[in-house]
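Enquirer: I need the structure of the sequence given here:
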Amino acid sequence: PLVLIGGCTGNGKTQLVREMAQGIDLEGLAHHRGSSFGRTLQAQLPQATFENHLAVALLKNAQHNNNVRWVLEDEGHMIGANHLPECLRERMAQSPIAVVEDPFDVRLERLREEYFTRMHHDFIAAMGEETGWQEYSAYLHHGLFAIRRRLGLQRFAQLTDYLDTALLQQQRTGSTEAHFSWLVPLLNEYYDPMYRYQLERKAGNIVFRGNWQSVKAWLRK
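Expert: This next block holds a predicted model:
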């Protein structure tokens, strides 16, 4: 049996999975966070290797937890270049979902830490100041470019301008505040409506809603 953790981006779903004894971190196994900005500095594994690692994680988790009910993030069928095995996807489609609903400003701070502060640090640490900055900038541009058609080309061009301005400010001052100028409309106009639509289609599976702490407490019960 499975229980899934759902919710809009920035709600700390992956962190919640990792804190659960029965958690299976699909994104960690795939070396990808699942969105157009989901790339990590670790290369994704071949599909067969990903499935082998997933099987080992499931078996080890079951071995160490009695009366196991695996806790997984509510993912699409693809996590970057890796796809979930069909048998797992079928079970996930039938599984109960706990939805995390944190305030918007809390979500923004999580995303700031994950995509701007941490990714910038990781690129610089891995590649040095100059190359690391170039790769960090390219990573953000590629994430936006990947969804340009869904945004509309005019809106994509406008958000790209905001991104360029934010990168310039971050490079000069170290501040990541200006990134909210493109991240906030991206959430409001694209990601949040998409995730809410997906959750509406699974409404019959939703068994609990609450903020991060209350979902964590519910899962532990």
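
Enquirer: what's the helix or strand harbouring N61 in contact with?
Expert: Per DSSP states H and E: N61 is located in helix 47-64. Applying CB atoms under 8 Å, 6 or more residues apart in numbering, the external contacts of helix 47-64 come out as 21-26, 29-30, 44-45, 68, 70, 81-83, 85, 88. C-beta here means a position set from N, CA and C on the backbone, and glycine is covered the same way.

Enquirer: then that helix to PDB, C-alphas only?
Expert: Presented in PDB, the C-alpha positions along helix 47-64 are these (Å, rounded to 0.1, in the frame of the first residue of the first chain):
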ATOM      1  CA  GLN A  47      16.200   3.800 -17.100                       C
ATOM      2  CA  ALA A  48      17.200   0.200 -16.100                       C
ATOM      3  CA  THR A  49      19.600   1.500 -13.400                       C
ATOM      4  CA  PHE A  50      16.900   3.900 -12.100                       C
ATOM      5  CA  GLU A  51      14.500   1.000 -11.800                       C
ATOM      6  CA  ASN A  52      17.000  -1.200 -10.100                       C
ATOM      7  CA  HIS A  53      17.800   1.500  -7.500                       C
ATOM      8  CA  LEU A  54      14.000   2.000  -7.000                       C
ATOM      9  CA  ALA A  55      13.500  -1.700  -6.400                       C
ATOM     10  CA  VAL A  56      16.400  -1.900  -3.900                       C
ATOM     11  CA  ALA A  57      15.000   1.200  -2.000                       C
ATOM     12  CA  LEU A  58      11.500  -0.400  -1.800                       C
ATOM     13  CA  LEU A  59      12.800  -3.700  -0.600                       C
ATOM     14  CA  LYS A  60      15.100  -2.200   2.000                       C
ATOM     15  CA  ASN A  61      12.400   0.000   3.300                       C
ATOM     16  CA  ALA A  62      10.000  -2.800   3.600                       C
ATOM     17  CA  GLN A  63      12.600  -4.900   5.400                       C
ATOM     18  CA  HIS A  64      13.200  -2.300   8.000                       C
END
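
Enquirer: chain center to it: distance?
Expert: Computed by CA atoms, centre = their mean, to the nearest Å, the chain-centroid distance of helix 47-64 equals 20 Å.

Enquirer: and if you look at stretch 186-193?
Expert: Worked out by CA atoms, centre = their mean, stretch 186-193 lies 14 Å from the chain centre.

Enquirer: mind listing what's buried in stretch 161-175?
Expert: 162-163, 166-167, 169-170 (16 or more other CB atoms under 10 Å).

Enquirer: among those, which ones are in strands?
Expert: Nothing among the buried residues of stretch 161-175 maps onto strands, per DSSP state E.
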